[in-house]
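**Q** kindly return the folded structure for what I paste below:
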Amino acid sequence: MAGERWEEGPKRPKAHVAYPYDMPGHCGIAWATFGGRTWKISGVGPSVGRQVEGDAPEGADVLAGYMTLMAKDEAVFEAAAFSPVYFTATKETAPRCD
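**A** Numbering: from 1, shown residues only. Reported below is the predicted structural model:
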């Protein structure tokens, strides 16, 4: 919607800090832009120690959650009612989503 601000985290995130992050969901959760870098999904797995409370949204094109830089080239996205999604930094360009 016009005037809404997406949460994308800071340009220079600190390790092990969970930042509010809005994950586009239109084409699936395979790519992310966080901390001025491109990230590609590397896996889905168990929580890293925090459970995000709430219910999964219905029919939304965006999934609100938290992105955490775990190491220089590793990050994890966590949202309510979803398994954590792990990402690896990449120099690849995310494919276009129609």
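**Q** what mean pLDDT does the strand ranked longest in the chain have?
**A** For the chain, the longest strand by residue count, based on DSSP state E, is strand 62-71. For strand 62-71, the mean per-residue pLDDT is 92.
**Q** one more: stretch 25-34?
**A** The model assigns stretch 25-34 a mean pLDDT of 85.
**Q** which elements pack onto the longest strand of the chain?
**A** strand 18-24, strand 31-34, strand 74-78 (3 or more CB pairs under 8 Å, 6 or more residues apart in numbering; DSSP states H and E). (C-beta placed from N, C-alpha, C; glycine too.)
**Q** buried set for the first one?
**A** Of the residues in strand 18-24, those buried by neighbour count under the rule 16 or more other CB atoms under 10 Å are 18-19, 21-23.
**Q** now do it: which elements does it pack against?
**A** Using 3+ CB pairs under 8 Å, 6+ apart, strand 18-24 is in contact with strand 31-34, strand 62-71, strand 74-78.
**Q** repeat for the second one
**A** Under the contact definition 3+ CB pairs under 8 Å, 6+ apart, strand 31-34 sits against strand 18-24, strand 37-44, strand 62-71, strand 74-78.
**Q** just to revisit the earlier point, tabulate the helices and strands packed on strand 18-24 (JSON lines), appending distance to residue 97 and mean neighbour count.
**A** Output for the helices and strands packed on strand 18-24, formatted as JSON lines (distance: least, CB to CB, whole Å; neighbours: other CB atoms under 10 Å):
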{"stretch": "strand 31-34", "distance to residue 97": "9", "mean neighbour count": "19"}
{"stretch": "strand 62-71", "distance to residue 97": "13", "mean neighbour count": "19"}
{"stretch": "strand 74-78", "distance to residue 97": "17", "mean neighbour count": "21"}
